[in-house]
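Trainee: What shape does this take:
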Amino acid sequence: MESDYDELDRRLVHALQIDGRAPFSAIADVLGVSDRTIARRYARLRSAGVVRVLGGIDATALGAVPWFLRVRCAPAASLPVAEALARRPDTSWVSLNSGGTEITCVVRTESEADSEALLLAKLPRTPRVEGVTAHCVLHAFYGGPDNVVGKLGLLDEEAIERLRPPPLRSLEGPVRLDDGDRKLLALLATDGRAGYEQLAAATGWSPTTVRRRMTELREHGVLYLDLDIDWRMFGGRARTLLWLSVAPAHLEEAGQALAGHPEVAFAAATTGPTNLFASVVCAGQRELYRYLTTRIAALPAITHLETAPVIRTVKQAANQT
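Mentor: The predicted structure is shown next:
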């Protein structure tokens with residue numbers, strides 16, 4: 001799979017990680033090729049399902065609470081239960097792990113009070129579910145707008161600086177979404193590069209209003225640009241979930257260390273039987289073993305480690321509002 005793509009493809013993906021809505025002309029200028037070449041390359045990668053720019057939604061900025069659920073099922077029941085969870089609008093990252101006996105998913109509850117009914121309200125009502133462990137996400141060390149492509153990319157610092165968009169203000173305070181916002185976010189969730197005219201037609205706003213509202217939502221941390229990629233393009237073939245227990249005095253230090261590892265796509269502190277979670281991408285089982293016995297082994301004060309290889313991703317789309 002990696003050999004199907006060349007250096008220009010990977011440099012293009014890195015450019016999109018820096019600014020997912022950068023004009024193809026700007027990317028072409030930095031990469032030293034024509035606008036048409038960049039447009040053609042992105043169209044090919046997108047149509048093949050290898051790379052998509054998406055508008056991600058940080059539901060915590062809207063007061064929602066994300067949870068990881070680990071659902072244990074009999075092997076024959078795992079896929080139907082996973083598919084039932086994937087159909088819910090409040091789930092994302094639904095995957096089959098550990099030989100097909102466990103499902104992991106992210107569930108968004110609308111508030112802390114709503115979290116009390118999490119297990120009863122969110123799970124398919126079936127005796128085939130043998131057990132559930134819930135982990136509330138307390139703090140994300142890496143993920144969301146931080147994409148692992150930034151660690152693996154091929155662009156040098158000069159190119160990165162030329163592509164880096166101006167910094168946004170960071171605005172505090174509550175954000176209320178109206179129907180236009182929801183239509184805007186829904187379209188961006190499927191195509192983060194949708195044009196302002198297309199977004200205006202979907203929302204009933206003017207292109208100027210669309211541009212302004214997108215900026216406001218990004219400044220409040222509700223909207224960010226993300227990449228959905230096939231990691232095999234960068235040599236990643238094995239995705240594994242890690243559940244770690246770390247002494248509380250070292251939790252921040254360990255989480256920050258995980259965030260810097262090239263293999264880590266997401267890392268967070270959680271509640272539950274373990275208090276640190278990471279999703280890692282490695283080239284294969286040998287590389288995973290090396291990672292566990294070197295970088296992970298060097299983390300401070302780890303008292304427990306559990307690995308759950310992902311054998312199938314059933315849903316990957318971001319949560320919607």
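Trainee: for Thr274, what are its contacts?
Mentor: Going by CB atoms under 8 Å, 6 or more residues apart in numbering, Thr274 touches 135, 243-245, 304, 306. All C-beta spots, glycine's among them, are computed from the backbone N, C-alpha and C.
Trainee: Ser25 now?
Mentor: Taking CB under 8 Å, 6+ apart as the test, what Ser25 contacts is Asp35.
Trainee: So for it, what's the pLDDT?
Mentor: With respect to pLDDT, Ser25 scores 97.
Trainee: quick one on the thing from earlier: narrow the contacts of Thr274 to those that are buried.
Mentor: 135, 243-245 (16 or more other CB atoms under 10 Å).
Trainee: about what we covered before: now, the contacts of Thr274 that are in strands?
Mentor: 135, 243-245, 304, 306 (DSSP state E).
Trainee: Not counting its neighbours along the chain, what's nearest Gly99?
Mentor: Nearest non-adjacent residue to Gly99, counting by CB to CB, 6 or more residues apart in numbering: Ile311, 7.0 Å away.
Trainee: same check, this time on Val149
Mentor: Once flanking residues are discounted, Val149 sits nearest to Gln17: 4.1 Å by CB to CB, 6+ apart.
Trainee: tell me the SS of the one you found?
Mentor: Counting by DSSP: H, G, I helix; E, B strand; the rest coil, the backbone at Gln17 sits in helix.
Trainee: contacting residues around the closest residue to Leu155 other than its chain neighbours?
Mentor: Nearest non-adjacent residue to Leu155, counting by CB to CB, 6+ apart: His14, 4.8 Å away. Taking CB under 8 Å, 6+ apart as the contact definition, His14 lies against 149-150, 152-155.
Trainee: then stretch 215-233 to CSV, C-alphas only?
Mentor: Below are the C-alpha coordinates for stretch 215-233, written out as CSV (Å, rounded to 0.1, in the frame of the first residue of the first chain):
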residue,chain,number,x,y,z
THR,A,215,-13.9,31.5,12.0
GLU,A,216,-16.0,32.1,15.2
LEU,A,217,-16.6,28.4,15.6
ARG,A,218,-12.9,27.7,15.2
GLU,A,219,-12.0,30.5,17.7
HIS,A,220,-14.3,28.9,20.3
GLY,A,221,-12.7,25.5,19.7
VAL,A,222,-16.0,23.9,18.4
LEU,A,223,-14.7,23.4,14.8
TYR,A,224,-11.3,22.2,13.7
LEU,A,225,-9.9,20.7,10.5
ASP,A,226,-8.9,17.1,10.6
LEU,A,227,-7.5,14.4,8.2
ASP,A,228,-9.1,11.0,7.7
ILE,A,229,-6.3,9.0,6.2
ASP,A,230,-5.3,5.4,5.5
TRP,A,231,-2.2,5.0,7.7
ARG,A,232,-0.7,2.5,5.3
MET,A,233,0.2,5.5,3.1
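Trainee: Figure out how far that stretch is from the centre of its chain.
Mentor: Relative to the chain's own centre, stretch 215-233 is displaced by 8 Å; criterion: CA atoms, centre = their mean, to the nearest Å.
Trainee: Which residue ranges of the stretch 151-300 of the chain form strands?
Mentor: Ranges of strands in the stretch 151-300 of the chain, per DSSP state E, counting those that start in this stretch, are 223-229, 238-246, 264-270, 276-282.
Trainee: The first one: partners in the sheet, and parallel or antiparallel?
Mentor: Based on DSSP bridges, the strands next to strand 223-229 in the sheet, each with its direction, are strand 51-57 (antiparallel).
Trainee: and the next helix or strand after the strand it pairs with, how far from the chain's centre?
Mentor: Moving toward the C-terminus from strand 51-57, the next helix or strand (DSSP states H and E) is strand 65-73. Relative to its parent chain, strand 65-73 has a centroid offset of 16 Å by CA atoms, centre = their mean.
Trainee: chain center to the helix or strand following strand 65-73: distance?
Mentor: The helix or strand immediately downstream of strand 65-73 is helix 75-86, counting by DSSP H and E. Counting by CA atoms, centre = their mean, helix 75-86 is centred 21 Å from the centre of its parent chain.
Trainee: contact partners of helix 75-86?
Mentor: Residues from elsewhere that reach helix 75-86 (CB under 8 Å, 6+ apart): 71, 73, 91, 94-96, 99-103, 105, 122-124, 126, 128-129, 314-315.
Trainee: Please write out the alpha-carbon positions of it in CSV.
Mentor: Output of helix 75-86 as CSV, limited to C-alpha atoms (Å, rounded to 0.1, in the frame of the first residue of the first chain):
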residue,chain,number,x,y,z
PRO,A,75,-17.4,-13.3,19.1
ALA,A,76,-20.6,-14.1,17.1
ALA,A,77,-22.4,-11.1,18.6
SER,A,78,-19.6,-8.5,18.3
LEU,A,79,-20.2,-7.3,14.8
PRO,A,80,-24.0,-6.8,15.1
VAL,A,81,-23.5,-5.0,18.4
ALA,A,82,-20.8,-2.8,16.9
GLU,A,83,-22.9,-2.0,13.9
ALA,A,84,-25.8,-1.0,16.2
LEU,A,85,-23.5,1.3,18.1
ALA,A,86,-22.2,2.7,14.8
